[in-house]
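J.: Fold the following, please.
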Amino acid sequence: MLKEIARYFARRIGAFFYKLVEQGEKHVIAKENRKLIQSSKNCSPDLRINGRVKKFSGFENAVIEKNVHIGDNVHIRAEGGLFIGENTHISRNFVCYTMNHDYEGKRLPIDDNDVHKPVHIGKNVWIGMNVVVAPGTTIEDGVIVGAGCTVAGHVPALSIIGNPKYRTLKMRDEEHYNRLEREEKYGGISGRPVED
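T.: Residues are numbered from 1 along each chain as shown. Alright, predicted model coming up:
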């Protein structure tokens, strides 16, 4: 009986401290997000990032209008330019790239040259969770993007989209690929030259 009482109190005390740490973590995350938002002249001060920012590089190249909400665990590379229109709401685990490595460069599979392609997300857009937006994408006003989509290219206004089965976008230049393969021109991390 005494062991059961001790276990009960141990669980209650453990739960109390867990909640305390969780609330402290949320406070720290909210403070870091406010600091990030305040660091930009191009973003509305009422931007809400509701959770952790895994990465948001190139923030100075982002223009984010009023009443935009971005969910937890966001990963954005905005170096190539990013626009998000007013009243747009983005769920958690959002990934957006405005740049890519050059796959037609000097090494395989990629080299370390950055190719910038801005992303434009219009106003009144709803983006579900686990969505990936590719470089150069334009999502017009009023679009709804279903959970788990990979979005590339142009999405017309008022569209409601989901992912179909994959499709081939284009083919690599076979001659270029084979030449680099013969010459053993391979890239290391992020396409940088492999050191001998």
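J.: Contact partners for T137?
T.: Listed by Cβ atoms under 8 Å, 6 or more residues apart in numbering, the contact set of T137 reads V119, H120, V151, A152, G153, H154, V155. Using the backbone N, CA and C atoms, a C-beta is placed for each residue, glycine as well.
J.: for this protein, what are the low-confidence residue spans?
T.: Low-confidence segments of the chain, defined by pLDDT under 70: 9, 17, 20-22, 196.
J.: cutoff 90 now
T.: For the chain, the stretches with pLDDT under 90 are 1-42, 51-55, 57, 101-113, 163-173, 180-181, 183-196.
J.: what bridges to the residue most central in space within the chain?
T.: The centroid of the chain falls nearest to V95 when counting by Cα atoms, centre = their mean (2.2 Å). Beta-bridge pairing of V95 under DSSP bridges involves H75, V132.
J.: distance of it from P193?
T.: Here V95 is placed at a distance of 27 Å from P193 (Cβ to Cβ, to the nearest Å).
J.: any idea which helix or strand comes after the longest helix along the chain?
T.: Ranked by number of residues, the top helix in the chain under DSSP state H is helix 2-38. Using DSSP states H and E, the helix or strand that follows helix 2-38 towards the C-terminus is strand 48-49.
J.: can I assume the residue nearest to the centre of the chain is in contact with V133?
T.: Yes: if you go by Cβ atoms under 8 Å, V95 and V133 touch, sitting 7.1 Å apart.
J.: E60: what secondary structure?
T.: Counting by DSSP: H, G, I helix; E, B strand; the rest coil, the backbone at E60 sits in helix.
J.: same thing with H120?
T.: H120 - assigned by three-state DSSP - is strand.
J.: you'd agree it is up against T138?
T.: Yes: the pair H120 / T138 is scored as a contact, 4.6 Å apart, by Cβ under 8 Å.
J.: what's the neighbour count on the residue nearest to G105 when sequence neighbours are not counted?
T.: Excluding the flanking residues, the one nearest G105 by Cβ to Cβ, 6 or more residues apart in numbering is D111, at 3.3 Å. For D111, the count of nearby residues is 21 (other Cβ atoms under 10 Å).
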